[in-house]
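Peer 1: Output the structure for:
(3 chains)
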Amino acid sequence: MAHRDDLPFVQDLRPLSKEQLAASIARQRGRKPTFAKPPPPPAAVSSTTTTPADDKQDENAPPGSSQSTLKKQLLGPSLLKSGQDNVDQSKVAEIIYEASKGSKYFINESRKDVELTKRIDRILKKKAALEKQDTSKDFKKTDELIAALELDRDLSQIVVHVDCDAFYASVEELDHPEFKKVPMAVGKGVLTTCNYEARKFGCRSGMAGHIALKLCPQLIFLPLNFTKYNAKAKEVREILARYDPRFEAASCDEAYLNITKYLEKHNMGAEEAVEQMRKEVFEHAKITVSAGIAPNARIAKICSNKNKPNGQFSILGDRSAVVAFMRALPVRKVNGIGRVFERELEAVGIKTLGDIYPVRGLLLKLFGQKAYEFLMSAFLGLGRTEIRPAEEYIRKSIGSESTFRDCEGTNNLRERLRKTAEDLEADLVKTELQGRTLALKIKLYTYEEAIRQKPLPYPIWKASDLYDYALPLLTKLEEEYKPMKLRLMGLRLTNISTRKKGAAGGNNFFKPIVIKKRKFGEEEEEEKWEEWPEEEFQKYDETGFQIPQEEEDIERDEEEMMYFDGLKSDDFLAVEGEGVEAVLETVKSEEEKKEEEVYWPCPICNQPQMPDDRTFNDHVDYCLSKQTIREAVRLGDEENEEGRVTPVPTRAEASASPEKSTINAIFKEYRQSGNQKNPLPSKRGRPKGKRRKT
DNA sequence: GCGGATCAC
DNA sequence: TATGGTGATCCGC
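Peer 2: Predicted coordinates:
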């Protein structure tokens, strides 16, 4: 099927005006345009029988009401990351709201919105309480954190984020040039992506198909064809590899490159090289890409959205350029801050990253350690500079889930479970994986979700085992939600290991695998020892999309001015408190750091390590695990059962093994003594206030 | 360790 | 008629 034939294909393909749009929607609904007046409030959350009859409740909802936030929510995840064109988002929001109202999906969104509002209330109460206390210590601690983070800032690398423009839609347009100038979307049910013509109407990736049709009645739908997209992605990657052979494919249509070496070798400027790369990609693969150029991955990612489509944007230079750029950035632009966190931050007065500074001392208690460190690191414009092939990241789970028409009744549900188990088995056969923990996920017809999981006595992968072990979980849920009516079922295995021959059985050929931490925690990396994956897992990524947005200038309060201006004048440290000064005086420029050549030698491999606790500890743990894994493999050889492969212990497990306690104790002591007396060679000494992370 | 929630794509 | 699938992380309990 090339496209949907039942869709109207009008000759006039100009976007509708807002009035036309409204009229069009109204016609379909047999009513007059509704968005001229305030729309009705969301359906009552406690009731699942809400009907459009509820319409007449509250006609004057205030802007901050749950209705307004809900509308924003219904706009979909891609909206606020983008912002694009001349589409009137509030009108689009009204149309979506009107079209969604009363549906089960909508009612569930209302329920979630109410929960979130409650949580925000709790955060605000906490904030009010904090403001009555003396928080000077919290501010001081945070300034110490800032100083410590500054210490690790690395501006010497040049990282590029490459993002294909409306990838799936672009690929389809190559095969169907006739769709280039008309609104077109890929995917059914929800839009996986859509072309720029469709975006003019307010269509977005992730939007429900029938909603998109309301916004754009002439929208053309094409079915997904992953084989085609993967082939095209490969063509793009062939070019990227020329610029960084160790580039990182972040998804089907995104990649990170570290082009520092390339630039040195070819004596080129970053902008120039990336222009050339994008040109080569277009010549070779015939699709356009956008790129962001920056000192680290986090900023590069943000930059690649600035001049989309088919453009590039760079933030390079000194620290002040980076900090100034981050300051004005709406928090939602940062990877890891989604709609929910955005609302929580907004509630405490944080709209842009710059807004973080005045309240920095409250963030730890308001949002927890991880989010706190994440925010501070984002505020400073820090991010990872090490880019490595996706194959070096280890997978932690594998699952399969699917949506269907309402399914109820024990027999039907069991049949569904059987099918789900078979689907998962197929993937487990392909990947040669198995798992030791099984999770069953369900979504009720009300869109409420639940998960039940259980550790297994041994790793499984066969459909029959999956079914047998999942059945008790299903019956448990059936009891809880009786009578249970489902719209989705999924199975997922965690604690996974490979079934490949020779992986962990006897040939102890191991290589380090890096674990990606995606959310908070500054995209840190943590190393483990695992089998080298010989084969890339097939990916079924779907493309999200973002479009640049104008950033309004923010007003800076006095305190903020001091920080940023101080940064520029290069002695910003002096404006801060006493404790901070003490820490900050150890901050050196990159050049100074390099010149000093002060490292701590690893007691095991004797290689010089960066002189900070965390890096050093991690490295020692890494070396230790190398030792302990070797021992574990030797032991494991004798203990292995036929046909069942012992999973390689993780670093934590390895450290916890009693056999290794001696060596661990030695190095624990080593590290502790280092902590107290700093016997390790260091001209500069360790920064005060640097927390030890475990 | 489990279950719910959030996030990215 | 009627809003996806895969994988990861974090938090509270």
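Peer 1: And for whichever residue of the stretch 1-150 of chain A sits closest to DNA strand C, the neighbour number?
Peer 2: Nearest residue of the stretch 1-150 of chain A to DNA strand C (CB to the nearest atom of the strand) works out as A:S100 at 3.3 Å. Placement of C-beta: from N, CA and C, glycine included. Look at A:S100: counted by other CB atoms under 10 Å, it has 21 neighbours.
Peer 1: Residue in chain A with the shortest distance to DNA strand B?
Peer 2: Closest point on chain A to DNA strand B, by CB to the nearest atom of the strand, is A:G338, at 2.3 Å.
Peer 1: next one: phi and psi at that residue?
Peer 2: Backbone geometry at A:G338, expressed as degrees, to the nearest 10, gives phi -100, psi -160.
Peer 1: ok, back up a step: secondary structure element holding the nearest residue to the residue of the stretch 1-150 of chain A closest to DNA strand C once chain neighbours are set aside?
Peer 2: Spatially, and ignoring its direct neighbours in sequence, A:S100 is nearest to A:F106 (4.3 Å; CB to CB, 6 or more residues apart in numbering). If you go by DSSP states H and E, A:F106 is part of helix A:104-132.
Peer 1: That helix near DNA strand B at all?
Peer 2: Yes - with CB under 7 Å from any atom of the strand as the measure, helix A:104-132 is seen reaching DNA strand B through A:112, A:115-116.
Peer 1: Let me see the mean pLDDT of that helix.
Peer 2: Across helix A:104-132, the average pLDDT comes to 96.
Peer 1: try stretch A:475-491
Peer 2: Here the average pLDDT along stretch A:475-491 is 97.
Peer 1: Tell me if A:L366 really is in a helix.
Peer 2: Yes - A:L366: assigned to a helix according to DSSP: H, G, I helix; E, B strand; the rest coil.
Peer 1: can you list the residues of chain A near DNA strand B?
Peer 2: So far as CB under 7 Å from any atom of the strand goes, chain A lies against DNA strand B at A:77, A:112, A:115-116, A:206, A:250-254, A:301, A:334-342, A:437, A:439, A:448-455, A:518-519, A:541-544, A:546.
Peer 1: circling back to that earlier point, run through the neighbouring helices and strands of the helix holding A:F106.
Peer 2: Where contact means 3 or more CB pairs under 8 Å, 6 or more residues apart in numbering; DSSP states H and E, helix A:104-132 is packed against helix A:66-74, helix A:339-347, helix A:363-367.
Peer 1: Could you figure out how far the next helix or strand after it is turned away from helix A:104-132?
Peer 2: Per DSSP H and E, the first helix or strand lying C-terminal to helix A:104-132 is helix A:136-151. Orientation check (axes from the mean of the first three to the mean of the last three CA atoms, to 10 degrees): helix A:136-151 against helix A:104-132 gives 110 degrees.
Peer 1: Return helix A:136-151 as PDB; C-alpha atoms alone will do.
Peer 2: Taking Å, rounded to 0.1, in the frame of the first residue of the first chain, the C-alpha atoms of helix A:136-151 are listed here in PDB:
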ATOM      1  CA  SER A 136      23.300  29.600  53.500                       C
ATOM      2  CA  LYS A 137      25.000  26.200  54.000                       C
ATOM      3  CA  ASP A 138      23.100  24.800  51.100                       C
ATOM      4  CA  PHE A 139      24.200  27.600  48.800                       C
ATOM      5  CA  LYS A 140      27.700  27.200  50.000                       C
ATOM      6  CA  LYS A 141      27.700  23.500  49.300                       C
ATOM      7  CA  THR A 142      26.300  24.200  45.800                       C
ATOM      8  CA  ASP A 143      29.000  26.700  45.100                       C
ATOM      9  CA  GLU A 144      31.500  24.100  46.000                       C
ATOM     10  CA  LEU A 145      29.900  21.700  43.600                       C
ATOM     11  CA  ILE A 146      30.100  24.400  40.900                       C
ATOM     12  CA  ALA A 147      33.700  24.800  41.600                       C
ATOM     13  CA  ALA A 148      34.400  21.100  41.500                       C
ATOM     14  CA  LEU A 149      32.500  20.800  38.200                       C
ATOM     15  CA  GLU A 150      34.400  23.700  36.800                       C
ATOM     16  CA  LEU A 151      37.500  21.900  37.600                       C
END
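Peer 1: what packs against it?
Peer 2: Against helix A:136-151 (3+ CB pairs under 8 Å, 6+ apart) you get helix A:363-367, helix A:369-379, helix A:578-584.
Peer 1: So what are the sheet partners of the helix or strand following it and their directions?
Peer 2: Moving toward the C-terminus from helix A:136-151, the next helix or strand (DSSP H and E) is strand A:159-164. Sheet pairing of strand A:159-164 (DSSP bridges) gives strand A:254-258 (antiparallel), strand A:289-294 (antiparallel).
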